[in-house]
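Colleague: pasting a predicted model and its sequence here:
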Amino acid sequence: MDSSNTDIETSWFAQPGNYDDVILSTRVRLIRNLADFPFPSRMSQDDVERIKSLAYDAFSGDENYKFIDMADLTAPGVQILKDKNILKDQKCSAVVLNYVDESTSCLINEADHIKLSTFVSGLDCEKAMSKAYKLDEFLQQKLQFAASIDFGYLTSHIKDCGSGMKISLRIFIPSIVLSGNLEAIVSIVQEKKLTIKPVFKTEAIADFSNCIFDIAASNSSDGNEFDQMAVIQSVGMLILKTERKIREEFADNNPTVVLNFFKQNYAKALYSLLLSYEEGVSIVSAVKWGLQLRLITGVTDSELNALFFRLKDGHLKYLCDNFSFTFEEDIKSSQNLQIKRLRTIVIQQAFEGIVNEKPVS
């Protein structure tokens, strides 16, 4: 097997979401363990196979889910699942995936027996929670989860006990970063007992990949599920309003700087031949900022957000392996160069409809 569902257009990340100019996505993760089994780190191979079989039987009642045994998954298939943030590594025995839009997945026998994840575009904790708990209730009809009155759901990591839930947001905040207001946001996030981490790490301040962060709850036992949802939803709304406010002020006070950031990246997109993923992310991010600042029209935030996934190595390698492309003679022998070339072409095609409200030439 080389991929689960490679149809980017139907995937959750290609769909528009609430406030997706700033909040790229919301994720809810639930951890569950089966009663009467040790945690995965202490399981025998018989235990591993038994839990995998029980999970297979549980999911077989819903035709929207596809059960993927890791033993049957090829290296390109593993990479695609990693690129879509479904899989972190290969330390699980199976992956269950909703193949309709890939918004819901389940890892079997990772650090815990069951790890449910749901994604939605934009800021919508309630929708993501609803999807996660709907699947949780479905599984509880067939599986007995380990829990106690004192500690809630029992997990392999103490911070995951309680609700077993963790909500995270992926945010895009170039105006906050470029205006020097990031530390104030970090302080607010930490005061709410949340963590904030950069998705990419680069030294160049002008690199727009510096502007993407993940915010997440650090402890599943802090309050009930609805308390946790309220905290991260409120922080997300605060960041949203702050980014939008600073965006307008920054653009008004620094028009030349703003236009320069956009022009450099837009020109790089148009005239490059080979782009790394990090370079592609920076370009897409700069163009997304240009859209928000009304420098361009002809593309949407959801289309640009989908590019963050379409440009990843796993998806592009799948295209190279399964479709016929005509590459320049000097890169035909290198798949790495072919992927970089194809990434550049994907970006250029995505930008074909862009209209410059403030010409870049």
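Modeller: Arrived safely, thanks for sending.
Colleague: pull the helix or strand with minimum mean pLDDT from this protein.
Modeller: Ranked by mean pLDDT, DSSP states H and E, the weakest helix or strand in the chain is strand 152-153, scoring a mean of 82.
Colleague: which elements pack onto the helix or strand that it is followed by?
Modeller: Next helix or strand after strand 152-153 toward the C-terminus (DSSP states H and E): strand 165-172. Packing partners of strand 165-172 (3 or more CB pairs under 8 Å, 6 or more residues apart in numbering; DSSP states H and E): strand 23-32, helix 125-140, strand 212-217, helix 225-253. (C-beta placed from N, C-alpha, C; glycine too.)
Colleague: before we move on, the earlier item: just how off-centre is the least confident helix or strand of the chain within its chain?
Modeller: Averaging C-alpha positions (CA atoms, centre = their mean, to the nearest Å) puts strand 152-153 27 Å from its chain's average.
Colleague: what's the answer for stretch 306-320, then?
Modeller: 14 Å.
Colleague: what is the rounded mean pLDDT of it?
Modeller: The average pLDDT within stretch 306-320 is 92.
Colleague: returning to what we had before: kindly present the helices and strands packed on strand 165-172 as a markdown table, with separate columns for distance to residue 331, mean pLDDT and mean neighbour count.
Modeller: As requested, those are exported to a markdown table (distance: least, CB to CB, whole Å; pLDDT from 0 to 100; neighbours: other CB atoms under 10 Å):
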| stretch | distance to residue 331 | mean pLDDT | mean neighbour count |
| --- | --- | --- | --- |
| strand 23-32 | 31 | 96 | 24 |
| helix 125-140 | 41 | 94 | 18 |
| strand 212-217 | 29 | 93 | 20 |
| helix 225-253 | 39 | 93 | 17 |
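Colleague: columns distance to residue 73 on top of these, output as TSV?
Modeller: Below are those laid out as TSV (distance: least, CB to CB, whole Å):
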stretch	distance to residue 73
strand 23-32	21
helix 125-140	21
strand 212-217	25
helix 225-253	32
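Colleague: which residues does the least confident helix or strand of the chain contact?
Modeller: With CB atoms under 8 Å, 6 or more residues apart in numbering as the test, strand 152-153 has contacts from 31, 32, 33, 145, 146, 147, 161, 162, 163, 164, 221.
Colleague: ok, so of those residues, who is nearest residue 332?
Modeller: Nearest to residue 332 among these, counting by CB to CB, is residue 31 at 46.3 Å.
Colleague: touching, that closest one and residue 158? I think so.
Modeller: No: in this structure, residue 31 is not within contact of residue 158 by CB atoms under 8 Å, at 11.7 Å.
Colleague: and the residue nearest to the spatial centre of the chain, helix, strand or coil?
Modeller: The centroid of the chain falls nearest to residue 85 when counting by CA atoms, centre = their mean (5.4 Å). At residue 85 the chain is in coil, as set by DSSP: H, G, I helix; E, B strand; the rest coil.
Colleague: so what's the spatially closest residue to residue 299 that is not a sequence neighbour up against?
Modeller: Distances taken as CB to CB, 6 or more residues apart in numbering place residue 354 nearest to residue 299, at 5.5 Å, with adjacent residues excluded. Residues near residue 354 by CB under 8 Å, 6+ apart: 287, 296, 297, 298, 299.
Colleague: what's around the first one, how many residues?
Modeller: In other words, residue 287. Residues within reach of residue 287, counting by other CB atoms under 10 Å, total 24.
Colleague: which stretch of helix or strand covers it?
Modeller: helix 277-292.
Colleague: for that helix, C-alpha coordinates in CSV please.
Modeller: Only the C-alpha atoms of helix 277-292 are listed here, as CSV (Å, rounded to 0.1, in the frame of the first residue of the first chain):
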residue,chain,number,x,y,z
TYR,A,277,9.6,22.1,1.6
GLU,A,278,10.7,24.8,4.1
GLU,A,279,11.1,27.3,1.2
GLY,A,280,7.7,26.4,-0.1
VAL,A,281,6.1,26.9,3.3
SER,A,282,7.8,30.3,3.6
ILE,A,283,6.5,31.4,0.2
VAL,A,284,2.9,30.2,0.8
SER,A,285,2.9,31.9,4.2
ALA,A,286,4.1,35.2,2.7
VAL,A,287,1.4,35.0,0.0
LYS,A,288,-1.2,34.1,2.6
TRP,A,289,-0.2,37.3,4.5
GLY,A,290,-0.4,39.2,1.2
LEU,A,291,-3.9,38.0,0.8
GLN,A,292,-4.8,39.1,4.3
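Colleague: that'll do, ta.
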